[in-house]
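Novice: have a look; sequence and predicted model below, questions after that.
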2 protein chains.
Amino acid sequence: MSRQVPRQRRLDIANGRVDLSHGAGGRAMAQLIDEIFRAAFSNPLLDQANDCAVFPVTGGHIALSTDSYVVSPIFFPGGDIGSLAVHGTINDLAMAGSVPVYMAAGFVIEEGFPLRDLQRIAASMGTASRASDVAIVTGDIKVVERGKADGVFITTTGVGRIPPGVALSGDQARPGDKVLVSGFLGDHGAAIMSKRAGLGFETDILSDSAALHTLVAEMIRASGSALRLLRDPTRGGIGATLNEIAHQSSVGIMLREEAIPVRENVAAACELLGLDPLYVASEGKLIAIVAPQEATRLLQAMRKHPLGRDACIIGDVIEDPDHFVQMTTGFGGGRIVDWLFGEHLPRIC
Amino acid sequence: MSRQVPRQRRLDIANGRVDLSHGAGGRAMAQLIDEIFRAAFSNPLLDQANDCAVFPVTGGHIALSTDSYVVSPIFFPGGDIGSLAVHGTINDLAMAGSVPVYMAAGFVIEEGFPLRDLQRIAASMGTASRASDVAIVTGDIKVVERGKADGVFITTTGVGRIPPGVALSGDQARPGDKVLVSGFLGDHGAAIMSKRAGLGFETDILSDSAALHTLVAEMIRASGSALRLLRDPTRGGIGATLNEIAHQSSVGIMLREEAIPVRENVAAACELLGLDPLYVASEGKLIAIVAPQEATRLLQAMRKHPLGRDACIIGDVIEDPDHFVQMTTGFGGGRIVDWLFGEHLPRIC
């Protein structure tokens, strides 16, 4: 976002629409960046207006993560594509134990997209980034012809600072470890799908989209190196995420069905939509795997944080040469929680 | 790109197509990442298979830059969207004087996109990144329904290390400085537009897409702090880029038309297409502004590098309260090189 604008008539945000000139590298693009994005994200690094942001780092380790967001609808109960794009990338950084610091944002916008919607999304990103103390320091805008994209797609890339001694990784789960989640699962996916399917009576379901880095900081403080790994169960839900972990760590996982927290309205919406809540995305929840002797202390620390107050232990890491995720049910039975097959929920994030 | 894949039948790359399951977070996505992207990008950080890449940094400054690529057609003479996405982000990092080190890549793919094209793009990115010594260490894939995107869009975000003492910025041009370019201008835009317009006899025009960081390193070595700023004239060409610089640095710029290097076939294609070469994108060229006493030395250093062998001095920075870019023509006349208005060349990068 290197552009600065000479004097001219301001954008008509109430009635205007994005056109191809806004992506052409000239004055219209400079104006769009200035009046919508710089206004929403303003910070000293972005204001340098070069094609790069340059910032100091101390030695140590940094984390880099990127995610593209194509969620549909772009405005949904509990959030929008902008706040989701900020929270989601913060969360990927936080799952590595890092403190998110800077973010880059790339926009692909469809010709004809309303400027007021773009402004609303930019404002939402600005609010989310300031609330999380993460500066959006550089970015890019491309505009494609009508019908060649669906409204707007956003790719956010974050940089985080890893505190000394923190080394969380998906391959660190050990048999005997406890599996925790930070709260109710599937809210985001259920909110999106309810909205998309027009389930009017389920509109009280809100996305849980939230930035988890401060919760993670508390968890690291409480558990130190006993905390093996963190992962946020977004696309594919805890079903897919736990299978990944089992595979990466070469272990099995045994869940207790009755311990898995799903809100009643989410469970009801999932039933109506034919979805298994185990595979439905959360966007403000995490899975933690911790050494058994530290599980209670970690749980207490999580419950003191607003984003962890419904945390609970949902299962155990076990030895299993097949790396299966299994679940015991209330009636003494069990089932395999397999990898997700098929498309399940397109464009959930 | 956190996914790893259990045993299963391999992708049918020759005949297969991307479907919505490849973006759903389950086993199909894991397989796509493994067999196409990890195979093409393989490096130890990516192979950690977490949602983040974590790497060590020494103290100092780092640069962060992002660009989304929506070029159409995705395969073009002299390159493709994959190599362009790698080169373009490397170049944005290099324009800050940084040494590009790591890259993240986000993909938005349209349902039905041929797997063989995706593999070709990934291979091209892998080749470009290895050639530039920049590792693609993390990424993301989203799939949208048929008709909701146009093939594939790629967002690359790069991290570079700024050598001590380097501080290039768009606001550093001073009256008296010399304006240099590293070679022939407009090749990329002319190649894309010739291809798109079906100008058969102009198909000898190749995109100049290339990574400029090693040229930049030589230039910094030659000129030190006499080198004020670098900028790559992509979208909007040198017309837009020099106007930005003039505006950022609060100066004017005076170009000499006969000094501006444009290949004959590019000039001919521009004439046919009704384009002004001053506004046509290059993807492997740079503009340098340097203190006058160092201009010759810098030019010599640039010409020793394969990507700078056609470098030349095209004008001067002047005092101008209006921050105009002007050009003297061969007949003793002159014109204002204004900011780009209108759409000019959509989806050129």
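Specialist: Great, that's in hand. Numbers count the residues shown, from 1 in each chain, chains lettered A, B, ... in the order given.
Novice: return the backbone torsion pair for the residue nearest to A:Leu206 when sequence neighbours are not counted.
Specialist: Ranked by CB to CB, 6 or more residues apart in numbering or on different chains and with sequence neighbours excluded, the top spatial neighbour of A:Leu206 is A:Gly78, at 3.4 Å. Backbone N, C-alpha and C define where each C-beta goes, glycine included. Here is the backbone geometry of A:Gly78 (degrees, to the nearest 10): phi 100, psi 0.
Novice: does A:Gly78 touch A:Ala210 like I think?
Specialist: No. Assessed by CB atoms under 8 Å, A:Gly78 is found out of contact with A:Ala210, at 9.2 Å.
Novice: more neighbours, those two?
Specialist: Each of A:Gly78 and A:Ala210 has its neighbours counted (other CB atoms under 10 Å in any protein chain shown); A:Ala210 has more, 25 against 19.
Novice: would you confirm that the more buried one contacts A:Leu307?
Specialist: Yes. Assessed by CB under 8 Å, A:Ala210 is found in contact with A:Leu307 at 5.7 Å.
Novice: any residues in contact with both of those two?
Specialist: Shared contacts of A:Ala210 and A:Leu307 (CB atoms under 8 Å, 6 or more residues apart in numbering or on different chains): A:Gly284.
Novice: I'd like the distance between A:Arg297 and A:Arg228.
Specialist: Distance, A:Arg297 to A:Arg228, using CB to CB, to the nearest Å: 14 Å.
Novice: cool, and A:Gly88?
Specialist: 23 Å.
Novice: where does the stretch 201-349 of chain A come near chain B, residue by residue?
Specialist: A:231-232, A:234-237, A:240, A:244, A:247-248, A:279, A:281, A:323, A:339-347, A:349 (CB under 8 Å from any CB of the partner chain).
Novice: next one: phi and psi at A:Ser98?
Specialist: Torsion angles, degrees, to the nearest 10, at A:Ser98: phi -90, psi 160.
Novice: the nearest residue to it once chain neighbours are set aside in helix, strand or coil?
Specialist: The spatially closest residue to A:Ser98, leaving aside those adjacent along the chain, is A:Gly160, at 2.9 Å (CB to CB, 6+ apart). The local conformation at A:Gly160, judged by DSSP: H, G, I helix; E, B strand; the rest coil, is strand.
Novice: ok, A:Gly160 touching A:Ala94?
Specialist: Yes. A:Gly160 sits in contact with A:Ala94 when judged by CB under 8 Å, with a separation of 7.4 Å.
Novice: find residues that contact each of these two.
Specialist: By CB under 8 Å, 6+ apart, A:Gly160 and A:Ala94 have these common neighbours: A:Pro100, A:His213.
Novice: who's more crowded, the two?
Specialist: Taking other CB under 10 Å, A:Gly160 and A:Ala94 do not tie; A:Ala94 has more neighbours (32 against 28).
Novice: worst-scoring helix or strand of chain A, pLDDT-wise?
Specialist: helix A:44-47 (a mean of 85; mean pLDDT, DSSP states H and E).
Novice: what comes up buried for it?
Specialist: A:Leu45, A:Leu46 (16 or more other CB atoms under 10 Å in any protein chain shown).
Novice: got it, and stretch A:265-278?
Specialist: Result for stretch A:265-278 [16+ other CB under 10 Å]: buried residues A:Asn265, A:Val266, A:Ala267, A:Ala268, A:Ala269, A:Cys270, A:Leu273, A:Leu275, A:Pro277, A:Leu278.
Novice: ok, then the element right after the helix or strand encompassing the second one?
Specialist: The reference is to A:Val266. Using DSSP states H and E, A:Val266 falls within helix A:264-273. Later in the chain than helix A:264-273, the nearest helix or strand by DSSP H and E is strand A:287-290.
Novice: packing partners of that next one?
Specialist: Identification of packing neighbours for strand A:287-290 by 3 or more CB pairs under 8 Å, 6 or more residues apart in numbering or on different chains; DSSP states H and E yields strand A:178-181, strand A:227-231, helix A:237-249, helix A:295-303.
Novice: so where's the stretch 1-150 of chain A uncertain?
Specialist: Counting by pLDDT under 70, the stretch 1-150 of chain A contains low-confidence ranges at A:1-8.
Novice: what's the closest of the helices and strands packed on strand A:287-290 to B:Ile109?
Specialist: B:Ile109 lies closest to helix A:237-249 among the helices and strands packed on strand A:287-290, at 18.7 Å (CB to CB).
Novice: how far is that closest one from where the chain is centred?
Specialist: 17 Å (CA atoms, centre = their mean, to the nearest Å).
Novice: and for stretch A:268-275?
Specialist: That offset, for stretch A:268-275, works out to 23 Å (CA atoms, centre = their mean).
Novice: try stretch A:294-311
Specialist: 20 Å.
Novice: would you mark the buried spots in that stretch?
Specialist: Quick answer for stretch A:294-311 (16+ other CB under 10 Å): A:Glu294, A:Ala295, A:Leu298, A:Leu299, A:Ala301, A:Met302, A:His305, A:Leu307, A:Gly308, A:Ala311.
Novice: and it, what's its mean pLDDT?
Specialist: Averaged over stretch A:294-311, pLDDT sits at 98.
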